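J.: sharing a model that was predicted from the sequence below.
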Amino acid sequence: MKLFHDFCEYLSSITTIDKGVISVVLLTTFIVAFFSLVKMIGKRLIRRKLTGRGEYVLNQSFRVMVNIFEILALLLVWGEYIKNLMTLISVLSAAMTIALREIILNFFCGIYIKFKRPFKVEDRIQIKDIKGDVMNISTLSFEVLEVSTKEDNGQSTGVVVNFPNSIVFSEPIKNINKGFKYIWNEIVVRISFDGDLIKNKQEIYKIVNGIETIKSIPRKMKSEINEANTENRVYFNKYDPIIYTKIANTHVELTVRYLMHPKKSRYVESVIWNKIYNAYKEGKIDLYLSDI
């Protein structure tokens, strides 16, 4: 340590720069270089152990932890100078103060997101009118790959939307995956009054229950509900597909309700309609088409 102070005094004598400033700059350079090396080594070690999503998640968590320690180290070095800097900033324009406030707020909101986990990478969320899949969560912001909201089961538009982390406290966030991987999806099948209601419902049940993706979900959902009940009071009366009946003016409406992964629901809905159409062509289902 004495060698370091002597070196700073020597540089101060030949540059006429204050010894304290030289000391802070050198320590800052060392800290940044040290933590950059730690990040690089950590990334290589993680890559050797994991691949794919596991590598991404662990690498992101590791980077956040290293960033926190790096910032704490820099705060210790710059402590006295930050006090003076904050005094200077207090007399600057309001815009500068607000900008700095937002950066600090976003940083601590980023820590909140990492630990409280209101959402995580790959979750489908909705903020205001924007719905999409979370791609990345960084120190100050997170990115969402937008999906179309023209229909309930929208597909990717290819547009990436960037949100500041502070939005978790200023706007309600709908997390479609929070707690459970699956959601309830519904389609309405119109049946003519002349058709056999029981026969039509049996055929639709046969179609829905014959899709392997749907058939395996109730068992998985029960397991997720049991795990969620350790922290939250959640229950469903029914997990298997069900059909509700409603009489309209000119036809009977059969609402088919079933559990589905939100990212697969549009595909599965298309499969169901294809099978219903084929059953209609074969005379097994009496579709009502007059108002369509």
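T.: Okay, I see it. Numbers count the residues shown, from 1 in each chain.
J.: next, the buried residues of the top helix by length along the chain.
T.: Scanning the chain for the longest helix, with DSSP state H as the assignment, gives helix 19-49. Of the residues in helix 19-49, 22-24, 27, 31, 35, 39, 42, 46 count as buried by neighbour count, 16 or more other C-beta atoms under 10 Å. In this view, the C-beta of every residue, glycine as well, is placed from N, C-alpha and C.
J.: and after that helix, which helix or strand comes next?
T.: Downstream of helix 19-49, the next assigned helix or strand under DSSP states H and E is helix 52-77.
J.: chain center to that next one: distance?
T.: Here the centre of helix 52-77 is set off from its chain's centre by 19 Å, with C-alpha atoms, centre = their mean, to the nearest Å.
J.: same question, stretch 46-60
T.: 18 Å.
J.: mind listing what's buried along that stretch?
T.: Buried residues in stretch 46-60 (16+ other C-beta under 10 Å): 46, 58-60.
J.: can you tell me the distance between the two ends of it?
T.: For stretch 46-60, the separation between the terminal residues is 11 Å (C-alpha to C-alpha, to the nearest Å).
J.: how close does the residue lying closest to residue 260 once chain neighbours are set aside get to residue 110?
T.: Distance criterion C-beta to C-beta, 6 or more residues apart in numbering; nearest residue to residue 260, sequence neighbours excluded, is residue 185 at 4.5 Å. To residue 110, residue 185 is 33 Å away according to C-beta to C-beta, to the nearest Å.
J.: check residue 101 too.
T.: 15 Å.
J.: so these two - more neighbours on which side?
T.: residue 110 (23 against 11; other C-beta atoms under 10 Å).
J.: for residue 242, the count of nearby residues, please.
T.: Using other C-beta under 10 Å, residue 242 has 15 neighbouring residues.
J.: can you check the one 4 residues further on too?
T.: Around residue 246 sit 10 other residues, with neighbours defined as other C-beta under 10 Å.
J.: which residues touch residue 138?
T.: Residues near residue 138 by C-beta atoms under 8 Å, 6 or more residues apart in numbering: residue 110.
J.: and the gap between it and residue 114?
T.: Distance from residue 138 to residue 114, by C-beta to C-beta: 10 Å.
J.: now do residue 66
T.: 13 Å.
J.: and the helices in this protein, which stretches?
T.: Using DSSP H, helices in the chain cover 2-15, 19-49, 52-77, 79-90, 94-116, 167-170, 197-209, 212-215, 217-228, 265-281.
J.: from the contact counts, what lies against the third one?
T.: What that stands for is helix 52-77. helix 19-49, helix 94-116 (3 or more C-beta pairs under 8 Å, 6 or more residues apart in numbering; DSSP states H and E).
J.: partner residues bridging the closest residue to residue 167 other than its chain neighbours?
T.: Spatially, and ignoring its direct neighbours in sequence, residue 167 is nearest to residue 127 (6.5 Å; C-beta to C-beta, 6+ apart). Going by DSSP bridges, residue 127 is paired in beta bridges with residue 130, residue 173.
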